[in-house]
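Student: coords please:
(one chain, ligands or ions: 1)
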Amino acid sequence: MCIFCKIVAKEIPSHVLYEDEGYLAILDISQVTKGHALILPKTHYDDFRVAPDDVSGKCISIAKRLSFQLEQTYAPLGYNLLSNCGEAAGQSVHHLHFHLIPRYDETDGLVLKFNAADHPDLKKIADEINQKK
Ligand SMILES: [Zn+2]
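Tutor: Purely as a prediction, here's the structure:
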């Protein structure tokens, strides 16, 4: 049983922010920023690629609700909402979850940087991807 399934089963304690019959939102133990939350389905899916579409949709809906609670609590300036898929992307627990990370400023603990490639051939890339439809 994975660590999140153990949290769902209440075998491991957590700080719950939201719970219903199918979903759970808890504080991330790492607290990259104050209020950093995890939203997850109670049913185990390895990641968003294998979960039914409505499961990810519900997680995002819960994240939206939580963002309003966080806004009233800590007044962050923005949010990052992300789900890591695969170890190369930083996924450490292979149970679908979304991170809702309130943002306070550029030095608040989360470094997320997009390094643009030099002169990408967008047509070639789009053609390559679209060949796999
Ligand atoms: Zn699990």
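Student: Show me the longest helix that occurs in the protein.
Tutor: Using DSSP state H, we find that the single longest helix of the chain is helix 53-74.
Student: And it, what does it pack against?
Tutor: Judged by 3 or more C-beta pairs under 8 Å, 6 or more residues apart in numbering; DSSP states H and E, helix 53-74 is in contact with strand 16-19, strand 23-27, strand 37-41, strand 78-82, strand 98-103. Every C-beta, even on glycine, is put in place using the N, C-alpha and C of the backbone.
Student: of all these, which gets the most neighbours per residue?
Tutor: Of all the helices and strands packed on helix 53-74, strand 37-41 has the most neighbours on average by mean count of other C-beta atoms under 10 Å, namely a mean of 25.
Student: how near is the closest residue to Asp46 other than its chain neighbours to Leu17?
Tutor: Excluding the flanking residues, the one nearest Asp46 by C-beta to C-beta, 6 or more residues apart in numbering is His94, at 4.9 Å. Separation of His94 from Leu17 (C-beta to C-beta, to the nearest Å) stands at 22 Å.
Student: next one: Gly86
Tutor: From Gly86 across to Leu17, the span is 26 Å (C-beta to C-beta).
Student: check contacts around the residue most central in space within the chain.
Tutor: Central residue of the chain (C-alpha atoms, centre = their mean): Phe98, 1.9 Å from the mean position. For Phe98, the contact set (C-beta atoms under 8 Å, 6 or more residues apart in numbering) comprises 38-40, 56, 59-60, 63, 81-83.
Student: How about Leu17?
Tutor: Applying C-beta under 8 Å, 6+ apart, we find Leu17 in contact with 25-27, 37, 66, 69.
Student: Mind doing that once more with 6 Å?
Tutor: Taking C-beta atoms under 6 Å, 6 or more residues apart in numbering as the contact definition, Leu17 lies against 25, 37.
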